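**Q** what follows is a predicted protein model with its sequence.
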Amino acid sequence: MLTHHLRRDRRPAVPGRLAIVAAVISLALTSCTAVSAQDDSAQGRTPGAADGVLPDHTSAHNTSLPGVTKLDPALREAVQKAETAMKADGIKLQVTTGWRSKKYQEELMEKAIRKYGSKKKAKEYVADPDESHHVTGHAVDIGPTDADYWLIRHGNRYGLCQTLSNEIWHFELVTTPGGTCPPMTDPRG
């Protein structure tokens, strides 16, 4: 089609013109692939199930996934009991994230730095890997919102408390069952 167009315009066909264009496009694509490969090698592979990434609709009873299995056993048991009680109230609990590998937490921090422009601002939303309670298996994020509100009201029956004021989905085992939840931390200062 391009050759036909060139002939109609009465321009002489240049045998190497298409080859040059193809070479330039190939070089551009190779450069993009090389940059992408450098980014991948600098950041490592994308975190997956082995790092704690959980599929949608994960139950606390799904102990075949490292994100659930590697939770502190007492925390996992408390969330499982809460999930069972919540289900009786017609609310479905989803563990959106539980245990995370250090690598996964590092990736979340890097994304937050890119999003917020500085590590200081990013730390208002994501903990450093060495400080994250997800990395130690002592924190769990729950969804959807109705499950969060149920846990905020009833979680202390199981020892579960919202611990971060800016994250209604973040719960930790920080009291005895039936005890009082301690004041929340505000990572924003």
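**A** That came in fine, so what should we check first?
**Q** and residue 166, how many residues sit next to it?
**A** Residue 166 has 12 neighbouring residues, counting by other Cβ atoms under 10 Å. No exception for glycine: its C-beta is placed from N, CA and C like everyone else's.
**Q** for the one 5 residues further on, same thing?
**A** One way to gauge burial is a neighbour count; for residue 171, by other Cβ under 10 Å, it gives 27.
**Q** next up, the contacts around it.
**A** 79, 139, 140, 141, 142, 151, 155, 160, 161, 162, 163 (Cβ atoms under 8 Å, 6 or more residues apart in numbering).
**Q** can I get the CA coordinates of the helix or strand hosting it in PDB?
**A** Taking DSSP states H and E as the definition, one finds residue 171 inside strand 170-173. Provided in PDB are the C-alpha atoms of strand 170-173 (Å, rounded to 0.1, in the frame of the first residue of the first chain):
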ATOM      1  CA  HIS A 170      -5.600  -2.500  59.200                       C
ATOM      2  CA  PHE A 171      -6.000  -4.800  62.200                       C
ATOM      3  CA  GLU A 172      -3.600  -6.300  64.700                       C
ATOM      4  CA  LEU A 173      -3.900  -8.600  67.700                       C
END
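**Q** partner strands of it and their direction?
**A** strand 140-143 (antiparallel), strand 160-162 (antiparallel) (DSSP bridges).
**Q** and residue 123, which of the ones you listed is closest to it?
**A** strand 140-143 (17.3 Å; Cβ to Cβ).
**Q** model confidence over that closest one, on average?
**A** In this model, strand 140-143 has an average pLDDT of 98.
**Q** could you point out which element follows it?
**A** helix 145-154.
**Q** give me the pLDDT value at the residue lying closest to residue 82 once chain neighbours are set aside.
**A** Nearest-residue entry for residue 82: residue 158, 4.7 Å, with adjacent residues in sequence omitted and distances by Cβ to Cβ, 6 or more residues apart in numbering. Note on residue 158: pLDDT of 98.
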